[in-house]
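Peer 1: Give me a model of this one.
(2 chains)
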Amino acid sequence: MKKPSWLFMATLVISSLALLISCKKKDPVPENIPELITRATITFTPSGGSSGSSVVVTATDPDNIGAQDIKVDGPINLTKGTTYTLTIQLVNGLYKPTDSGYNVSKQVEAEGDAHQFFFSWNTGLFSNPLGDGNIDNRNDPVNYGASVDKNGRPVGLITMWTTASTPSSGSNSFRVLLKHQPGIKSNASTSADGESDFDLTFMINVN
Amino acid sequence: MGFYFFGPLPSRGQKDCSMAVMGKILDENNQPLPGATIVIIQNKTGKVSDVTGTFQFDKLCPGNYTLEIKFLGYITQQVKINTKKQDPVFVNLQPEEKILKEVVVEDKAEQISATSNYGQLSGKELEEVNGKTLGEALRNITGIASIQSGPAIFKPVIHGVHSQRILILNNGIRQEGQQWGAEHAPEIDPFIASNIVVIKDAGAIKYGTDALGGVVIVNPAELPTTPGLGGRFNLIGNSNGWAGITSGMLEGGIKNHHGWGWRLQGTGKKSGDSHASNYNLSNTGFTEMNYSTSIGYHQVSKGFEAFYSHFNTTIGILRGSAVGSAEDLANALERDPPQYTMPFTYAILQPRQEVSHDLFKLNGHLIKGGNRYNFQYGFQYNRREEFDFRKGSLKEVPALGYKLFTHTLDLEWEKTFGKNRVSCRGLNGMMQDNQKIDGTQTIPFIPNFTNYSAGLFWIEKISLAKWELEAGARYDFRFYKVVGFDFSNQIFRSQLNFHNVSGTIGTTYTINEKSSFTSTLGSAWRPPNVAELYSLGTHQSAAAIEFGLLLDETTNQVNDISTTNFKIEQALKWVNSYRFQNNRWSGEISGYMNYIFNYIYLKPRGVTQNLRGIFPYFRYTQTDASFLGGDLSLVYQLSKHFKINSKVSLLQARDETLSDYLIFIPSNRYELSLRYDQPAMNALKNFFLEARVKYVAHQSRAPRVVTVREINDAKAQGVDLFATDNRNFDFVAAPAGYGLISLSAGISKPIKKSMIDVRISVDNLTNVAYREYTNRMRYYANDLGRNISLALKYSF
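Peer 2: This is a model prediction of the structure:
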C-alpha cells in the first residue's frame, strides 16, 4: 500500500505543477478607465451683447488617484458688469481625444436626469444670479437656462452669469460641484444628495 | 487530516506495570468531547480528554480497572477495562436529556495537540448558531470577536487580530480567498461542520505561515463506514430581513463494502433588507447557495477521501454607505437614517459583492508499524466581484474582480516512539495564481500575481505522568511574481522573496483529575499580502484611497522592495489557560500577550485632492503592536435543571511605536445566561429555556477623532492636519456601550429512530438602537433591531 500512495502523491505534485506552469503567462490586458476626470476646463465667454475675450481656467490632476494635489492654472479673472456664458468641459486624459471616453461632459449630458451641477460664490460678485449660489440652499438662484434634463430639471453644463458693476473685492472663490444622483434627482434634491463626481473651488476676481 | 491512531501501545511484559490504555470520549453524535475527566476508580488517577477527545493512561499494572467518565451536562459513565484487551476504549457519553442514536460514525476532528489553548463549537452549541455565517457563529467562543460590514459580512477576530493574521482550515485545507479586505468574509458554509475549533495560540506549527493570532478549524463529521442511511434537514426563518435558510444532508455507507461512505450536503439562504431598531437598512439583503459532496473509504490502517464543495454568495452593502468624496462622507456620517433609506425589499443592487469559492480535496492516510502517513491535496478557485455605483453602461460592470487559483499539497509523517513520544514531520506546498477579471474598466486595485510557497515542519510531543510537552519548528519561503498597473495605467513587474522560521513550545500540566494548566509560547511570521504592498485606489464605495507599502509617497510609482524599509511581520504570543471542573463549577481562565513586530496596518496619512473632490488617504504602514487580554468562561450548575453560564473577553491593544491605540479593536464584552433544562417530558425531550444578557463596553482605547469636516476645513485653508501629528485617527468617536437581551427555547420530539427539534429565539429583545465599534456599518447606521428566529430540524 505504501508505494502506490507515494506514487499517487508524486503524480499529483507533478500534474498540479504542470497545470500551473502550463497556464503561463501573458501580460494582463490593460483596462480602459472611463470614469476618471483628469482635466476640467471652465470657460466664461462674453455673451448677450457683452464684448471682450473668453476667460479659460484649467484644472489638471497629475496623478489621478495618487497623493498629489491637482494644479489649477490661475484664478478666474472676469470683467465687471459683463454677461458671460459658462461652459464646463470635463476630460479623461487616459483616452485619446478621438475616443468617446475622452469627453466626460458628453456623458454627463447623456445622463442628465442623474446629474446636476451646483455652484457657490461670495455674495456681491454677480448681479445675476444674486446671492451666494445653491450649494447651501438648492432654491437659491442659478441661471441654468436651457441646460436641463429630459424631465426639465437643471443640469448646468452651460449657465449664464452677469458680474456686478461694483463687485466685492478681496479673496473670493467660486465652487463648482457636480452631483451624481441616480434615482434620487428630483425637484427637491440638494447638493448633499448623491455622490460627488466633480468638486473644485476656484479663486475668482471680478475687476 | 483523517483520524487518530488508537490501540494498545506496546508493552514489555505482563508483570511490570507498563501497560497503557488509550481511548476516546465522544458525545451522542460521535463527536469528540474534549475536557471530559476520566478517573481510574482503583488508583484514583485522572486524565482530561484532549481536543480530539483522546485520553491515555500509562504505567498501569496488568489487570481489571473501572474508568469513571464525567462531563458536565452528560450522564456519568463507568466502563470496565482490562489491560490485556487489545482494543482502544470508545466511550459515548449521553447528554443528561438525550437518548442514544444508533449511528456508527467514526470521529474525524483535526488532530489538535493537547497543549493548545483552544475553544470550540460543537453539538448543541453549534446547533444553536445554525444559519449564521462562520464569523458570526465563532463569536460564541470567548476571545473571538468579528470585524463586520453590515448584517452578512463577518470576519473572525482572534484576540484582536484578523484577516491575514489568522489561518482558516476548511476541512483540513488552508482557505485561500481575497482575505485582505476588511469586508471580505471567509467563504465557508458552517453547515458542513460538525465541530469548529479555534486555536488561540500563535504558530500552530503544522498549518503554515500566517497563524499570528490563531487558527480556525472547520471540521466536517467523519463519513459513515457502515451501511445505512442518515441525514438531517434544517429550516430556519428570521423575522429581521424576512430571511429563510434551508440546509440538508444525506449520508450513508455502502452495503457489503464496509468502510465506504458518502455524503451530500447543501444550504440555501435568502434574506431581504435587515432592519435597525427604527428604520430599514436598504440594500443589506443577501443570498447564499452552497453544496458539498464527499466519498471515502476508512479503516484504521488506511483510508482516503474525496471532497468537493461549492460556495456562492451575493451580499448587499448598505446603500447609504456608498459615498463619493470626503464631503459626501461628512454628509453620510451626520445622517440618521442613512441616505437612500427605502422600504423593505429582497432586491440587492449596488454596492454588492458576488463571491464564489470551489474546493476540491483528496486526502488519505496509511498506518504501518507505528508510522502514520497523511497526504492531502487541495484545489481552490475563488472568484470575487464587487459592484459599485457607476455611470450608464458600467452600472452592471464590477468595479473590482479577481480570480484566485490555489493548489496546496500537505504531506505528513507521524511516528510513535515507545509509549510517550510522538514525532511529526511534514511539508506543505502551495502554488497560487491571482488574475484580474478583465473588463472592470478600473485600474486594478491589486496586481496579478503568482505565488509559490513551501514549508517544512517538525513537531515533537512527549507525554509524562502529569505533563504533556510539545515543541515544534518550521521553515517557510514564499516567492511572488507580480504584474500590475500603476496609477497612470502603465504596467509594472516585481519579483519578491520572503522566508523565515516559526517555532512553538507548549505544555499541559494535569494538576489533578479536576484541573489542568496549559501554557504555550509561539513565534510566527507571515509574508506580506500583495494587497498590503501594492493596493491602489478606492474600493467598495469607500471615500478613502488606499496605497500599498511599496508605492512611493510622492510620485506614486511602484518602488522596488529593496529600496524601502519593509520588514517581515512577526509575532510572539504567549497564552496561559487554567481549566477546571468539579461538581458544580467548571470553566476556563486564560490570559495572553501577543507582541507583533512590524505589524502592517492601514494608517490614515493625509488628504489628497482630485477632480471629484478631496479624499482622505491611507497608506499601509508598519509599527509594533501589542495585544494583552484575558478570556474567562464559567459554568455553574445551580440545580439539576438550572445552570448559569458566563463569558468575559477582555483586550487592550496598543501601537507601541507611536504610543497610540489601534483602530477596530474589539472592546471588552461580558455575557451572562441562565438556562433551564428538562431532559424528558412524557413523549417530548430536551426542553430548554435560556435567557442571555450581553454587555459590550464602550471602546475607550480608541484613536483620537478627527472629523471629516475638520479635515475638509483644514484642507480648504491649505493646512495638512497630518503633517506633524501622525497618530492614528477615526472619523467618528467609538459608539457607546450597549446591552442586548436574548431569549431562546427549544424542544425535541423523537419519532422512532428520527427526531424533530424545534427552537425559537429572540435576539435584541428590547429592540435597542445601538452601534458596534467593530462593525464598519456603524459610521452610517444603527445595528440590527429585534429578530425572532424559528428553527426546525429533522434528523434521522
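Peer 1: Residue of the stretch 651-796 of chain B nearest chain A, please.
Peer 2: As assessed by Cβ to the nearest Cβ, chain A sits closest to B:Ala716 within the stretch 651-796 of chain B, at 7.2 Å. (Each C-beta comes from the backbone N, C-alpha and C, glycine too.)
Peer 1: what's near enough to touch that residue?
Peer 2: Residues near B:Ala716 by Cβ atoms under 8 Å, 6 or more residues apart in numbering or on different chains: A:Thr201.
Peer 1: separation between it and B:Thr313?
Peer 2: To B:Thr313, B:Ala716 is 42 Å away according to Cβ to Cβ, to the nearest Å.
Peer 1: Quick one: residues contacting the nearest residue to B:Gly503 once chain neighbours are set aside.
Peer 2: Once flanking residues are discounted, B:Gly503 sits nearest to B:Ala473: 4.6 Å by Cβ to Cβ, 6 or more residues apart in numbering or on different chains. Going by Cβ under 8 Å, 6+ apart, B:Ala473 touches B:Ile205, B:Phe457, B:Trp458, B:Val501, B:Ser502, B:Gly503, B:Thr504.
Peer 1: do the same with B:Thr518
Peer 2: By Cβ under 8 Å, 6+ apart, the residues touching B:Thr518 are B:Thr115, B:Ser116, B:Asn117, B:Gly506, B:Thr507, B:Thr508, B:Tyr509, B:Val575, B:Asn576, B:Ser577, B:Tyr578, B:Arg579.
Peer 1: out of these, who's nearest B:Gly253?
Peer 2: Of all the contacts of B:Thr518, B:Ser116 has the smallest distance to B:Gly253: 32.3 Å, by Cβ to Cβ.
Peer 1: Find the residue closest to the closest one in space, skipping its chain neighbours.
Peer 2: Closest residue to B:Ser116 apart from its sequence neighbours, by Cβ to Cβ, 6+ apart: B:Ile199 at 5.1 Å.
Peer 1: right, and that neighbour touches B:Tyr118 too?
Peer 2: Yes - contact status for B:Ile199 versus B:Tyr118: in contact at 4.9 Å, counting by Cβ atoms under 8 Å.
Peer 1: These two: who's more crowded?
Peer 2: Relative neighbour count places B:Ile199 above the other of B:Ile199 and B:Tyr118, with 30 against 24, counting by other Cβ atoms under 10 Å in any protein chain shown.
Peer 1: among the contacts of B:Ala473, which are in helices?
Peer 2: Of the positions in the contacts of B:Ala473, not one sits in helices, assigned by DSSP state H.
Peer 1: What is the distance between the helix or strand where the residue nearest to B:Gly503 lies and the centre of its chain?
Peer 2: When elements are assigned from DSSP states H and E, B:Ala473 belongs to strand B:467-485. Its chain's average C-alpha position is 20 Å from that of strand B:467-485, according to Cα atoms, centre = their mean, to the nearest Å.
Peer 1: What's the mean pLDDT across that strand?
Peer 2: Across strand B:467-485, pLDDT averages out at 93.
Peer 1: what's the answer for stretch A:151-158, then?
Peer 2: 94.
Peer 1: what's in contact with it?
Peer 2: Stretch A:151-158 has contacts (Cβ under 8 Å, 6+ apart) with A:85-88, A:105, A:108-109, A:112-113, A:115-119, A:142, A:144-149, A:178, A:185-187.
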